[in-house]
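Asks: the sequence and its predicted three-dimensional model are supplied below.
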Amino acid sequence: DAGVIQSPRHEVTEMGQEVTLRCKPISGHDYLFWYRQTMMRGLELLIYFNNNVPIDDSGMPEDRFSAKMPNASFSTLKIQPSEPRDSAVYFCASSEVTGELFFGEGSRLTVL
Amino acid sequence: SQQGEEDPQALSIQEGENATMNCSYKTSINNLQWYRQNSGRGLVHLILIRSNEREKHSGRLRVTLDTSKKSSSLLITASRAADTASYFCATAGSARQLTFGSGTQLTVLP
């Protein structure tokens, strides 16, 4: 298996623009997680899905953030409008029931 | 919010030495996991220890868990330069999600 695939790896955009991050989980994994990593706040869970259904989105910072999982092989995290404080590395991870998370390589977002 | 706090924040050792990192957490857990992150890369799972286990080994890794003290330690024996990375503990409670600590930056000098 190719592992969790995220795109883009790097994104530089201007404040106010819409940003869409994409994730393809490992086939057969029932859970998908979106994390954000910054120096100041470390790794924060934004939202997670089970069988394509959002279970807990309490970590989503505000209404500018939204996430979808239209099918078992694809998820998106959208920020609209983006702000400089959204600059971070966004990770997608997937897992089976057993608990071990498999992370993608991350999407590094810079909002100018 | 972060559940676990690693100690020390940074550790520098010589190749061949052992490295010990500690993790403390605040609430009850089902399991505790350790992950490694190389610079600019995603996190990689190292080992999982359940709340009813006290010690677990995997290769050069040894993890202990003390639920009464709400703490865990990760020992890497005979360290190598390739072990240079950040190491995170993560706790899983009754809900499915993992909460990560702030990490220990390990540098192994050749």
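Replies: Cool, got the structure.
Asks: tell me where chain A has strands.
Replies: A:5-7, A:10-13, A:19-24, A:31-38, A:42-50, A:53-56, A:65-71, A:74-79, A:88-95, A:102-103, A:107-111 (DSSP state E).
Asks: buried ones in the first one, by neighbour count?
Replies: Under the neighbour-count criterion of 16 or more other CB atoms under 10 Å in any protein chain shown, strand A:5-7 has residue A:6 buried. All C-beta spots, glycine's among them, are computed from the backbone N, C-alpha and C.
Asks: pairing partners for it, with directions?
Replies: Using DSSP bridges, strand A:5-7 pairs in its sheet with strand A:19-24 (antiparallel).
Asks: pull the CA atoms of the partner strand into PDB?
Replies: Taking Å, rounded to 0.1, in the frame of the first residue of the first chain, the C-alpha atoms of strand A:19-24 are listed here in PDB:
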ATOM      1  CA  VAL A  19      -7.300  26.700   0.600                       C
ATOM      2  CA  THR A  20      -8.200  23.000   0.000                       C
ATOM      3  CA  LEU A  21      -6.100  20.200   1.400                       C
ATOM      4  CA  ARG A  22      -6.600  16.700   0.200                       C
ATOM      5  CA  CYS A  23      -6.100  13.300   1.700                       C
ATOM      6  CA  LYS A  24      -6.300   9.700   0.500                       C
END
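Asks: list the buried residues in that strand.
Replies: In strand A:19-24, counting by 16+ other CB under 10 Å, buried: A:19, A:21-24.
Asks: dump the strands of chain A into CSV; add mean pLDDT as well.
Replies: Below are the strands of chain A laid out as CSV (pLDDT from 0 to 100):
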stretch, mean pLDDT
strand A:5-7, 98
strand A:10-13, 98
strand A:19-24, 98
strand A:31-38, 96
strand A:42-50, 95
strand A:53-56, 94
strand A:65-71, 97
strand A:74-79, 98
strand A:88-95, 97
strand A:102-103, 96
strand A:107-111, 98
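Asks: in a markdown table: the ones you listed, plus distance to residue B:55.
Replies: What follows is those, written out as a markdown table (distance: least, CB to CB, whole Å):
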| stretch | distance to residue B:55 |
| --- | --- |
| strand A:5-7 | 35 |
| strand A:10-13 | 41 |
| strand A:19-24 | 35 |
| strand A:31-38 | 28 |
| strand A:42-50 | 26 |
| strand A:53-56 | 31 |
| strand A:65-71 | 38 |
| strand A:74-79 | 37 |
| strand A:88-95 | 24 |
| strand A:102-103 | 25 |
| strand A:107-111 | 37 |
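Asks: closest to residue A:56 among the buried residues of strand A:19-24?
Replies: residue A:23 (16.9 Å; CB to CB).
Asks: surely residue B:106 and residue B:88 touch.
Replies: No. Here residue B:106 does not reach residue B:88: they are 11.2 Å apart, not a contact under CB atoms under 8 Å.
Asks: so what sits opposite residue 21 in the bridge?
Replies: Using chain A here. Beta-bridge pairing for residue A:21 (DSSP bridges): residue A:77.
Asks: the chain in question should be chain B.
Replies: According to DSSP bridges, beta-bridge pairing links residue B:21 with residue B:74.
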